[in-house]
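Trainee: A predicted structure for the sequence below; I have some questions about it.
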Amino acid sequence: MSKWIAPYYKRNPQASIRLFCFPYAGGGASVFARWMKDLPPDIEVCPVQLPGRENRISETCLSSVAEVAAQAAEALAPCFDMQFAFFGHSLGALIVYELAQTLRRVRNLQPQNLIVSAHRAPQVPFPRAPTWRLPDADLKQRLLELNGTPKEVLLHPELLELILPMIRADFRLDETYTHPSNYEPLDCPITAFGGLQDPETSAADLQSWREMTRGQFEFKSLDGDHFFIHSQAAALMNEVGRIIHRRALA
């Protein structure tokens with residue numbers, strides 16, 4: 001099995017579609033462990049593990065979203081043997097978009113659904129001064145503001161020393177991304193999710209995903225801040241299941 005897939009992933013013979021899930025900056029495939037149990041059995045959840053985290057922590061993080069997408073497209077190729085969809089939260093949303101563009105270009109494949117969460121559309125420029133170059137103390141403060149890293153980790157010097165380079169590398173992926181001018185809109189439908197109390201990603205930036213597809217676009221808001229993927233996990237999974245089933249019946 002590819003090291004790009006979580007080691008606890010199992011093929012599901014009942015499934016009719018495979019959902020590849022990409023985590024946020026600093027997150028690993030374990031973010032989606034609950035999804036494997038709680039989504040309907042006809043949806044096979046495939047948590048994706050990027051280099052530099054969890055069981056791949058000894059590997060070097062990649063330096064651009066395009067590089068992540070190119071390597072993922074090659075590594076996950078054997079898993080595109082059935083209908084598939086992509087879900088990505090925050091940085092993961094940008095990665096799944098770039099991966100969908102890469103697959104169309106190199107394999108003439110597109111996902112059944114592209115589901116993005118808590119990230120501005122890729123053509124919208126990064127709206128703030130770069131975070132990835134901040135000194136460690138300032139980067140730690142930024143993580144506290146985002147409320148996505150457990151405070152016990154941020155207050156544990158040894159743990160922080162272990163994960164901070166990976167988080168910095170992920171912020172670099174996001175903040176240095178530039179949408180290529182030669183990309184055409186995808187043909188697959190896109191659904192964008194946002195948190196009603198998310199100070200990082202505006203509704204307008206999420207609505208801008210509409211420009212990235214020739215297909216159907218849907219925007220949904222859920223209660224919560226930037227990490228509603230945790231606080232509203234059940235509601236989000238219900239919506240994801242609904243979206244995939246609706247598309248399968250179309």
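Mentor: It's in.

Trainee: tell me the strands in this protein, going along the chain?
Mentor: For the chain, the strands defined by DSSP state E cover 17-22, 43-47, 84-89, 114-117, 190-195, 217-222.

Trainee: any chance of the ones you listed in a markdown table, with distance to residue 233, mean pLDDT and mean neighbour count too?
Mentor: C-betas here are computed from N, CA, C, even on glycine. Listed next are the strands of the chain as a markdown table, based on distance: least, CB to CB, whole Å; pLDDT from 0 to 100; neighbours: other CB atoms under 10 Å:
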| stretch | distance to residue 233 | mean pLDDT | mean neighbour count |
| --- | --- | --- | --- |
| strand 17-22 | 12 | 98 | 24 |
| strand 43-47 | 13 | 97 | 24 |
| strand 84-89 | 11 | 98 | 26 |
| strand 114-117 | 12 | 98 | 27 |
| strand 190-195 | 12 | 98 | 26 |
| strand 217-222 | 10 | 97 | 16 |
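
Trainee: Would you mind putting these into CSV with distance to residue 163 alongside?
Mentor: As requested, those are exported to CSV (distance: least, CB to CB, whole Å):
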stretch, distance to residue 163
strand 17-22, 18
strand 43-47, 18
strand 84-89, 18
strand 114-117, 22
strand 190-195, 23
strand 217-222, 27
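
Trainee: between those strands, which gets nearest to residue 210?
Mentor: strand 217-222 (4.3 Å; CB to CB).

Trainee: what sits up against stretch 226-238?
Mentor: Contacts to stretch 226-238, defined as CB atoms under 8 Å, 6 or more residues apart in numbering, come from residues 24, 31, 34-35, 38-39, 89-90, 117-118, 146-148, 193, 195, 198-201, 222-225.
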